[in-house]
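Trainee: fold the stuff below for me.
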Amino acid sequence: QVQLQESGPGLVKPSQTLSLTCTVSGGSITTNYYYWNWIRQPPGKGLEWMGAIAYSGSTYYSPSLKSRTSISRDTSKNQFTLQLISVTPEDTAVYYCARAAGGSHDYWGQGTLVTVSS
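Mentor: Here you go, the predicted model:
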């Protein structure tokens, strides 16, 4: 059973960098052909895909967030990390990490609320 768990600060100040880590258990993030995603949901809005890192280490980003987003991984810890720079209150959301295979997200973390506020 694959499990994903998000971790990181719940409060970030405007203009700072939001950093979250997803720890994966029950499966390796380097296993063919899985993609490891970051998805967020602002209050009262729908899900927004932010980006992903593939089993190969290749990264993919939403065009609307590409200039502010970076996804990396630590294979020794079986973790992948999201960094979002220059945050504003509009970046307040529940952030999820999720695994994708065959075009669908089959395993999700529980989500973590990040509030951007001074």
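Trainee: can you tell me which residues contact residue 91?
Mentor: Neighbouring residues of residue 91 by CB atoms under 8 Å, 6 or more residues apart in numbering: 12, 18, 84, 114, 116. Just so you know, the C-beta spots here come from the backbone N, C-alpha and C atoms, and that holds for glycine as well.
Trainee: ok, residue 59 next?
Mentor: Going by CB under 8 Å, 6+ apart, residue 59 touches 51-53, 70-72.
Trainee: 7 Å instead?
Mentor: Shown in contact with residue 59 (CB atoms under 7 Å, 6 or more residues apart in numbering): 51, 53, 71.
Trainee: and residue 60, helix, strand or coil?
Mentor: Per DSSP: H, G, I helix; E, B strand; the rest coil, the local secondary structure of residue 60 is strand.
Trainee: so which strand or helix has residue 51?
Mentor: Using DSSP states H and E, residue 51 maps to strand 48-54.
Trainee: residue 35: which of the contacts of residue 91 is nearest?
Mentor: residue 84 (18.8 Å; CB to CB).
Trainee: returning to that earlier point: inside strands: which ones of the contacts of residue 91?
Mentor: Using DSSP state E, the subset of these located in strands is 12, 18, 84, 114, 116.
Trainee: that's a strand at residue 76, yeah?
Mentor: No - counting by three-state DSSP, residue 76 is not part of a strand but coil.
Trainee: just give me the neighbour total for it.
Mentor: Using other CB atoms under 10 Å, residue 76 has 6 other residues around it.
Trainee: give me phi/psi at it?
Mentor: Residue 76 adopts backbone torsions of phi -70, psi -30, taken as degrees, to the nearest 10.
Trainee: now swap in the one 3 residues further on and tell me
Mentor: With angles defined as degrees, to the nearest 10, residue 79 shows backbone torsions of phi -130, psi 150.
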